[in-house]
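Chemist: Predicted coordinates and the sequence they were generated for:
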Amino acid sequence: MLPQAPEEAGYYVYGTPGGGAAHFSHPKLLSLILVVEREWQAIDSRKFGIGNISIANGLPFGHESHMKGLEVDVRPLRKDGKQIPINYTDSQYDRAATSQLRWSRNFGHNNRFTHCHFPFIDGGRQIAQC
């Protein structure tokens, strides 16, 4: 399970259901998230959002995917650093930083084990699956 609120982490958590219920992760994805957050912390002071991963035992919870702990929703970055939802049309949406996070060495297309969903990028279409 993804740690929910480590003080020094480079990420924050969100998602439904709350309380970490949807943050059960395969060890490969958990390792990936922790490596990316350390790399991200070295280049940017803002935290990125980690959303739904999966429910314990792969039970359905409103996603057609997210059953094996190998998929994660990643919230696009805001220029103001607030840890709240953002739409690509919002003036606070930071396209450059979101793209940099999306194509980081580990979240990027070279990772063949997990899927990282970046919703609301480029016209609301999900365009990143790594």
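Modeler: Thanks, I have it.

Chemist: State whether His66 and Gly51 are indeed in contact, as I suppose.
Modeler: No: between His66 and Gly51 there is no contact, the gap being 9.6 Å when judged by CB atoms under 8 Å. Just so you know, the C-beta spots here come from the backbone N, C-alpha and C atoms, and that holds for glycine as well.

Chemist: higher neighbour count, the two?
Modeler: His66 (24 against 18; other CB atoms under 10 Å).

Chemist: Next, the contact list for the more buried one, please.
Modeler: Neighbour list for His66: Ala22, Asn52, Ile53, Ser54, Ile55 [criterion: CB atoms under 8 Å, 6 or more residues apart in numbering].

Chemist: The first one: neighbour count?
Modeler: If I follow you right, that is Ala22. Counted with other CB under 10 Å, the neighbours of Ala22 add up to 23.

Chemist: Can you verify my assumption that it contacts Ile55?
Modeler: Yes: between Ala22 and Ile55 a contact is recorded at 5.8 Å, counting by CB under 8 Å.

Chemist: tell me, what's touching those two both at once?
Modeler: Phe61, His66.

Chemist: where in this protein is pLDDT low?
Modeler: Filtered on pLDDT under 70, the chain yields the residue ranges 63, 103-130.

Chemist: Need the three-state assignment for the residue most central in space within it.
Modeler: The centroid of the chain falls nearest to Val74 when counting by CA atoms, centre = their mean (2.3 Å). At Val74 the chain is in strand, as set by DSSP: H, G, I helix; E, B strand; the rest coil.

Chemist: where's it relative to Ser31, distance?
Modeler: From Val74 across to Ser31, the span is 16 Å (CB to CB, to the nearest Å).
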